[in-house]
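Student: Test case, fold it:
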Amino acid sequence: MFTSAEALSKGIEYKDDAWAAGMRRYGASKLLGVMFMYEFQRRLDSDPTLSNISVLSIDPRAMGRTGIAKRALY
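Tutor: Numbering: from 1, shown residues only. From the prediction side, this is the model:
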């Protein structure tokens, strides 16, 4: 488990199968995207000139034809 954003950004070496490690990397990249979005919005809100701008994001899994939903372990 990651103990900080810095540890997450540096990554770790996984010893298990490639599929599980790849899904963890995919999840980590989505988490970092959300963390970036929140920080970006916080910085925009702190600037009076830019505070009327809103940051939005979309879950790429919701996009069609990636095939990732087929391989999910629900």
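
Student: can we go C-alpha only for contacts and neighbour counts from here?
Tutor: Fine.

Student: remind me which residues of this structure are low pLDDT?
Tutor: The model of the chain has pLDDT under 70 over residues 1-3, 5, 7-14, 60-74.

Student: the helices in it, which residues?
Tutor: Counting by DSSP state H, the chain forms helices over residues 5-10, 18-46, given from the N-terminal end onward.

Student: closest to Ser54 out of those helices?
Tutor: Each of the helices of the chain has some distance to Ser54 by CA to CA; the shortest is helix 18-46, at 6.8 Å.

Student: got the helices of the chain as JSON lines, with mean neighbour count and distance to Asn52 columns?
Tutor: Output for these, formatted as JSON lines (neighbours: other CA atoms under 10 Å; distance: least, CA to CA, whole Å):
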{"stretch": "helix 5-10", "mean neighbour count": "11", "distance to Asn52": "28"}
{"stretch": "helix 18-46", "mean neighbour count": "14", "distance to Asn52": "8"}
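
Student: Take these and lay them out in a markdown table including distance to Val55.
Tutor: Listed next are the helices of the chain as a markdown table, based on distance: least, CA to CA, whole Å:
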| stretch | distance to Val55 |
| --- | --- |
| helix 5-10 | 21 |
| helix 18-46 | 6 |
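
Student: Out of the ones you listed, the one nearest Leu56 is which?
Tutor: With CA to CA as the measure, helix 18-46 is the member of those nearest Leu56 (7.5 Å).

Student: just checking, what packs against the closest one?
Tutor: For helix 18-46, there is no helix or strand it packs on, judged by 3 or more CA pairs under 8 Å, 6 or more residues apart in numbering; DSSP states H and E.
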